[in-house]
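In: Quick check, what structure comes out for this input:
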Amino acid sequence: MRIIIIYVLFFNSFSQFAQEDSLWKFYTVHGVNYKVENLGNNRCIIERITNDTLLSISYYGYFKNDSIVFDGKFLLNNKKNNVRTEGFYKDGEKTQNWLNYKNDKLYSIHNYQDSNNIMLTFFRENGEIQIISHILKDGTPHGPFIEFDTLSQVQVIGNFENNCKVGEWSYFKNGKLHYKGEYYPDYLELKSNGSNNTMLLVNKEGILAEKIYSKQVMASYVVNQQILYIKDGKWYFFNNEGKLIKIEYYKNGILIKTKTII
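Out: Okay, the predicted model is just below:
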């Protein structure tokens, strides 16, 4: 059995197959079955074969030496989960906007205009934007981050660098600044607190940093039982009228002093 590798697809003996127009050929790659049809004019279509009749995945591409390069439309349609993805390849790289649908509603857009820093836009069910973020090719958060509330007002704004919150982050409530401060990268360890529902967050010296967190809250921030950023310096808190009411002072992620503004 001949073996191909997808992305780009490499065929062991491809020249003979490439001469057969409008004829499907079948291949297995790492246990996954594919069929490829030569469309003529150096073009082809690739479909993934599954046992699930409700799932279909297809690519377009072109022949290059003994390989196939993805080039053209990509479509994934999972009728079982009512999920659909539409996108485009150009010379083997994702390009333009990739659209992801759930229950026939647009769920997210992945913009590949800059292939080294991908912009993601997530939508609520009503079509309003919920989050705009950026990631590297490997999925690592990197770049500006903005989150909106249900009224389309900015709720969180900040910046990631290699999965770490860095620099100033601002948090809003009802469209007004609620608190802000700076993060810098560091590695803090989560340790059990003798409970199934809480964890202790400690710094490298084993000193408690901030407080006890619920596992549900920390799940959004940890990677392999470590948090990758900590508070540092002054954090400012404001009331509903925008008046400064409190300043918290942090050093290496540990709250060292609080000042209340009268």
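
In: Show me what the strand or helix carrying D232 is packed against.
Out: D232 is part of strand 226-238 when elements are defined by DSSP states H and E. Other helices and strands packing on strand 226-238, by 3 or more Cβ pairs under 8 Å, 6 or more residues apart in numbering; DSSP states H and E, are strand 164-173, strand 176-192, strand 244-251. Backbone N, C-alpha and C define where each C-beta goes, glycine included.

In: Quick check: buried residues in the last one?
Out: Looking back up the chat, that one is strand 244-251. Under the neighbour-count criterion of 16 or more other Cβ atoms under 10 Å, strand 244-251 has E248, Y249, Y250 buried.

In: what stretches of the stretch 1-150 of the chain score poorly on pLDDT?
Out: Screening the stretch 1-150 of the chain residue by residue with the criterion pLDDT under 70, one finds the ranges 1-23, 29.

In: so where do the strands sit in it?
Out: Taking DSSP state E, counting those that start in this stretch as the test, the strands found in the stretch 1-150 of the chain are 4-5, 9-11, 24-29, 32-40, 43-49, 55-64, 67-78, 83-90, 93-102, 105-111, 118-123, 129-135, 143-148.

In: could you say what helices and strands the longest one packs with?
Out: Spelled out, it's strand 67-78. strand 9-11, strand 43-49, strand 55-64, strand 83-90.

In: if you set the cut-off to 7 Å instead, what comes out?
Out: strand 9-11, strand 55-64, strand 83-90 (3 or more Cβ pairs under 7 Å, 6 or more residues apart in numbering; DSSP states H and E).

In: How about the fifth one?
Out: With contacts defined as 3+ Cβ pairs under 7 Å, 6+ apart, the secondary structure elements packing on strand 43-49 are strand 32-40, strand 55-64.

In: Check which residues of that strand are buried.
Out: Within strand 43-49, judged by 16+ other Cβ under 10 Å, the buried ones are C44, I45, I46, E47, R48.

In: Indicate each strand paired with that strand and its parallel or antiparallel sense.
Out: For strand 43-49, the paired strands and their directions (DSSP bridges) are strand 32-40 (antiparallel), strand 55-64 (antiparallel).

In: Next, format the ones you listed as TSV and append distance to Q130.
Out: Putting the strands paired with strand 43-49 into TSV (distance: least, Cβ to Cβ, whole Å) gives the following:
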stretch	distance to Q130
strand 32-40	33
strand 55-64	27
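
In: and the strand holding D232, which residues are buried?
Out: Buried residues in strand 226-238, counting neighbours by 16+ other Cβ under 10 Å, are found at I227, L228, Y229, I230, K231, D232, W235, Y236, F237, F238.

In: Just name the closest of those residues to F148, please.
Out: F238 (19.3 Å; Cβ to Cβ).

In: show me what contacts K105?
Out: With contact set as Cβ atoms under 7 Å, 6 or more residues apart in numbering, K105 has these partners: E125.

In: Fine, thanks again, bye for now.
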